[in-house]
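S.K.: Return atomic coordinates for the entry below.
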Amino acid sequence: MAVGLALAVAAVGGYVAARETSAFAITTIEVRGTDAEVASDLRRALEPLVGTSLLSLVPKDVERLALTLPRVASVHYDRAFPHALVLRVEAEQPIAVARSGTAAWLVSSGGRVIEKLAPGARLGLPRLWLPRSADVRIGTTLAAGAGADEIAALVPVRRAGFGGRVTTVRRAADGRVSYRLRGGVEVRAGRPVELRLKLVVAARILRQNAVREYLDVSVPSRPVGLIDPQLSG
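M.R.: The predicted structure follows:
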């Protein structure tokens with residue numbers, strides 16, 4: 001028992017000593033899962049951790065520093081002994097361009113403001129219009145009534161078969177959602193419930209018919225629209 005106790009004390013002492021010395025100090029930060037620009041930004045953001053022992057590393061410190069970057073949605077890390085910290089990054093996914101007056105910002109599917117843009121940039125993404133009073137800052141998340149509702153309405157668009165076809169999304173004062181498509185057709189989805197189902201129904205109708213002006217799928221079992229029978233298949 002005495003020998004076992006002595007070994008345990010020695011092990012604890014060794015661990016404590018390793019925490020306090022440079023034996024496992026971080027000298028290298030490896031970043032995986034993102035592009036070179038974000039990787040470089042992450043290494044700079046995590047520079048305060050260089051010299052910290054891998055044994056004493058606090059997860060919240062890694063997350064706090066990494067998530068200061070607007071393009072980083074989440075980060076996980078592994079300790080690669082003796083001196084490397086390996087980060088696995090999930091990047092924010094751009095979903096729309098938010099506009100207010102002449103200003104424009106790239107926004108992620110989670111509503112986070114990623115970066116400021118020139119008004120004509122990223123033309124392949126839908127536009128949403130914010131009130132002039134909206135407080136838009138890079139790295140923050142759009143608030144309810146100031147873009148968050150429109151972003152939520154865009155999330156099911158791609159999976160419903162409308163990827164690249166939506167030019168704008170609007171939510172009216174009464175909460176009803178509408179999408180403007182390339183070519184000018186307006187898809188009226190009504191209340192923001194079962195949006196993916198409504199968009200799937202709309203996509204099927206648009207594949208089979210030449211719709212003019214609008215298609216109302218607010219009640220997906222009873223869609224209403226202006227259809228040109230001469231052009232429909």
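S.K.: need the next SSE after the helix or strand of the chain with the lowest mean pLDDT, C-terminal direction.
M.R.: Each helix and strand of the chain was given a mean pLDDT (mean pLDDT, DSSP states H and E); the minimum falls on helix 2-20 at a mean of 44. Next helix or strand after helix 2-20 toward the C-terminus (DSSP states H and E): strand 28-32.
S.K.: Okay, now the sheet partners of that following strand, with direction.
M.R.: strand 84-91 (parallel) (DSSP bridges).
S.K.: Strands of this structure, start to end?
M.R.: Along the chain, the segments classed as strands by DSSP state E run 28-32, 72-80, 84-91, 94-100, 103-108, 113-117, 127-129, 166-171, 177-181, 186-190, 211-216, 224-227.
S.K.: Out of the ones you listed, which gets the lowest mean score?
M.R.: Confidence, taken as mean pLDDT, is least for strand 224-227 of the strands of the chain (a mean of 90).
S.K.: Who are the packing partners of it?
M.R.: strand 211-216 (3 or more C-beta pairs under 8 Å, 6 or more residues apart in numbering; DSSP states H and E). In short, each C-beta sits where N, CA and C put it, glycine included.
S.K.: and the strand it packs on, C-alpha only, in PDB?
M.R.: Output of strand 211-216 as PDB, limited to C-alpha atoms (Å, rounded to 0.1, in the frame of the first residue of the first chain):
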ATOM      1  CA  VAL A 211     -46.800  30.200 -64.100                       C
ATOM      2  CA  ARG A 212     -47.200  33.900 -64.600                       C
ATOM      3  CA  GLU A 213     -47.000  36.600 -61.900                       C
ATOM      4  CA  TYR A 214     -47.700  34.600 -58.800                       C
ATOM      5  CA  LEU A 215     -48.300  31.100 -57.300                       C
ATOM      6  CA  ASP A 216     -50.000  31.000 -53.900                       C
END
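S.K.: In a markdown table, list the strands of the chain along with mean neighbour count and distance to residue 66.
M.R.: Listed next are the strands of the chain as a markdown table, based on neighbours: other C-beta atoms under 10 Å; distance: least, C-beta to C-beta, whole Å:
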| stretch | mean neighbour count | distance to residue 66 |
| --- | --- | --- |
| strand 28-32 | 16 | 9 |
| strand 72-80 | 17 | 4 |
| strand 84-91 | 17 | 7 |
| strand 94-100 | 20 | 19 |
| strand 103-108 | 21 | 15 |
| strand 113-117 | 17 | 15 |
| strand 127-129 | 19 | 28 |
| strand 166-171 | 19 | 30 |
| strand 177-181 | 21 | 34 |
| strand 186-190 | 22 | 36 |
| strand 211-216 | 17 | 43 |
| strand 224-227 | 15 | 47 |
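S.K.: Fine by me, we can end here.
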